[in-house]
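In: A predicted structure for the sequence below; I have some questions about it.
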Amino acid sequence: LEKVCRAPAFNQGMIIYACALARAGLPVFRHRHARVRLAAVKLVQAALCVPYKDKWRGAGTDAIVDMVGYTREDTIPVAAFYGKGTQVNYLAEVTNDPSASVRLGVACMLKELLCDILDRYDHKTRLIAYALNAVNDPDPKTSGVAMEALKVCGAEYERENQDEIVERRQYGVDGDRRSAHGLRPLPSPFEERPRLGTRLYVRGCTRRFLKPLLGELTDWRSGSRLASAKLLRTVIVYCEESLTTELWMLVPELCAALKAMDRLGKEGDEVRAVVGECCELLGRFLAPDSYVPFLLPRLKGDLEVMTAGTDGLGRSLVLRVASKMLQGSKGSEVAKHAPELVEALADGATVLASSIPELRSAALGCLDQVARALAGRPKTATGQAGGGARESSEKQAQASAAANAHFLSTGRLETRGRVTKAALLCLLVWRNEADLEARAAEALADLASAEAFGQGGAAARLALELSTLRFEEAKRSEQTAA
């Protein structure tokens, strides 16, 4: 049947039966033998792609709706009145097939549907999520086919939208200059930044499935949670700064995912790590000028934003997301927001006086990123801080950025000694806790070396030395008493 569907001599006859053949092959996707499932995928692919040039479409593409189990919200199938009327997403099941050969066949089918059929633009929003999911496939062949399909779609987008592409390339506006492009490698399997056309092509399709994708981060099945987190990571790589408009939806769902993974304990470690990577990628592509003003009211519990209020655990989740986002951002951009960030973290009523360990740990992590940015210690690909002339130039950039941002926002110049003292107070308080001692000491060292604080840097160094001496003296007293 596959050969008959592909044969040009039988084209006129197969136009009549292509849709019915495709629908008949869908239930075979659930067969227990991998060879049979692969044969069914090839049959459905051939039936869907039978050319119908008179109407400039694939003769069997009406079956794509059945393959993805889609039903319009305002439509009730007639069969539902007489039987079960349930819809099955066959494509989702076969995309996660345990057999690598079947997944490769599905990737080839998606490539042909997205790149070759005549009415491909009518179905791209339904199929793009499955192609992005195939990019994360552990089999390099399957992943390569999916990435090649998206690359071809991007090249076609560039040919059809020359005006938009030429403007971006000639004026050099391919991405926000405040984003941290190229400072760190992209997650596997990406070896380089996707081409411009591919990114614009994917951005135009993601809004349709982004909300359901975020909802599945807290799914009751562990496999679905992990697959959703990896798919979200891939979406962030392709969409980059365009996700700024979706912050209102991303931040609450990421906080909910972290909360759910904490309840699962060790079982949620893998998903928690991928969600943290998603937050870091968001910080890499989104400007702090956009997300810091969005996060601060949620940390402070502003009733105009959080109408139902918030608690310590809610603040800790927001701080954990903020810490990862700050880690991914440029240090010079983070330094601009150091005063308001330190002011929020040094709030004695909500953070310092809190008895919740999670909140104190998350606040310390966020303050550590601010201190690292002020000290001009960006992390390289190996996770170590840079040094030498590059570190010195980064410090000067941080100092200039912080001073300029403060002057533009207030019209006044100041030494920022008050901000230094507030950060120093927080770190000295947290250093007295055994589980936070090492991290607080590292943040103190970053704060003491921050040239952006001018005279405040000397004060921080002196306080650090005094606190170190007192800490060592207390340790010796405890050992002597023992």
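Out: Yes, it's here. Owing to the predicted nature of the structure, the values given are computational and were not obtained by experimental measurement. Residues are numbered from 1 along each chain as shown.
In: Can you pull out the residues in contact with stretch 52-70?
Out: 14-15, 18-19, 21-23, 26, 44, 47-51, 87-92, 113, 117-119, 122-123, 126-127 (Cβ atoms under 8 Å, 6 or more residues apart in numbering). (Glycine included, C-beta is placed from N, CA and C.)
In: So which of the residues you listed belong to helices?
Out: Of the contacts of stretch 52-70, the ones assigned to helices by DSSP state H are 14-15, 18-19, 21-23, 44, 47-48, 90-92, 113, 126-127.
In: How many residues are close by Glu267?
Out: 12 (other Cβ atoms under 10 Å).
In: That one: what's it in contact with?
Out: If you count contacts by Cβ under 8 Å, 6+ apart, Glu267 has them with Ser222.
In: quick one: it is in a helix?
Out: Yes: judged by DSSP: H, G, I helix; E, B strand; the rest coil, Glu267 forms part of a helix.
In: Could you say which helix or strand holds the residue nearest to Glu246 when sequence neighbours are not counted?
Out: Setting aside the residues directly before and after it, Glu246 is nearest to Leu210 in space (Cβ to Cβ, 6 or more residues apart in numbering), at 6.4 Å. For Leu210, the element it lies in under DSSP states H and E is helix 196-215.
In: got the CA coordinates for that helix in PDB?
Out: Taking Å, rounded to 0.1, in the frame of the first residue of the first chain, the C-alpha atoms of helix 196-215 are listed here in PDB:
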ATOM      1  CA  LEU A 196      17.300  33.400  12.200                       C
ATOM      2  CA  GLY A 197      14.600  32.000  10.000                       C
ATOM      3  CA  THR A 198      14.200  28.800  12.100                       C
ATOM      4  CA  ARG A 199      13.800  30.900  15.300                       C
ATOM      5  CA  LEU A 200      11.200  33.100  13.700                       C
ATOM      6  CA  TYR A 201       9.400  30.100  12.300                       C
ATOM      7  CA  VAL A 202       9.200  28.400  15.700                       C
ATOM      8  CA  ARG A 203       8.200  31.600  17.500                       C
ATOM      9  CA  GLY A 204       5.100  31.900  15.300                       C
ATOM     10  CA  CYS A 205       3.900  28.400  16.400                       C
ATOM     11  CA  THR A 206       4.700  28.200  20.100                       C
ATOM     12  CA  ARG A 207       1.900  30.300  21.500                       C
ATOM     13  CA  ARG A 208      -0.600  27.600  20.600                       C
ATOM     14  CA  PHE A 209       0.900  24.800  22.800                       C
ATOM     15  CA  LEU A 210       3.000  26.800  25.400                       C
ATOM     16  CA  LYS A 211       0.300  26.800  28.100                       C
ATOM     17  CA  PRO A 212      -0.500  23.100  27.900                       C
ATOM     18  CA  LEU A 213       3.200  22.400  27.900                       C
ATOM     19  CA  LEU A 214       3.700  24.300  31.100                       C
ATOM     20  CA  GLY A 215       0.800  22.500  32.700                       C
END
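In: burial count for Glu433?
Out: Glu433, neighbours per other Cβ under 10 Å, totals 14.
In: Isn't it up against Ser361?
Out: No: counting by Cβ atoms under 8 Å, Glu433 sits too far from Ser361 to count as a contact (9.1 Å).
In: Can you name the residues that contact the closest residue to Leu43 other than its chain neighbours?
Out: Take Leu43 and drop its neighbours on the chain: the residue closest to it by Cβ to Cβ, 6+ apart is Gly25, 4.6 Å away. Taking Cβ under 8 Å, 6+ apart, we find Gly25 in contact with Ala40, Leu43, Val44, Ala47.
In: List the contacts of the third one.
Out: Pointing back at Val44 there. Ala22, Gly25, Leu26, Phe29, Ala63, Met67, Met109.
In: Could you report the distance from it to Ala18?
Out: 10 Å (Cβ to Cβ, to the nearest Å).
In: The second one now?
Out: Counting by Cβ to Cβ, the separation of Leu43 from Ala18 is 11 Å.
In: residues shared between the contacts of those two?
Out: Cys5.
In: out of the two, which sits in the more crowded spot?
Out: Comparing Leu43 with Ala18 by other Cβ under 10 Å, the one with more neighbours is Ala18, at 25 against 19.
In: and the more buried one, what pLDDT?
Out: Ala18 is assigned 92 on the pLDDT scale.
In: That one reaches Val4, doesn't it?
Out: No: using Cβ under 8 Å, Ala18 is not in contact with Val4; the gap is 10.3 Å.
In: circling back to that earlier point, mind listing what the residue nearest to Glu246 touches?
Out: Val235, Glu246, Met249.
In: what's the burial count for Cys205?
Out: 21.
In: Would you check that it makes contact with Ile128?
Out: Yes: contact criterion Cβ under 8 Å: Cys205 and Ile128 qualify, at 4.3 Å.
In: Of the contacts of Leu210 - the most surrounded one?
Out: Most surrounded of these: other Cβ under 10 Å gives Val235, at 25 neighbours.
In: any idea how far Ala229 is from it?
Out: Per Cβ to Cβ, Val235 is found 11 Å from Ala229.
In: How about Glu340?
Out: Separation of Glu340 from Ala229 (Cβ to Cβ): 30 Å.
In: More neighbours: which of these two?
Out: Ala229 (25 against 14).
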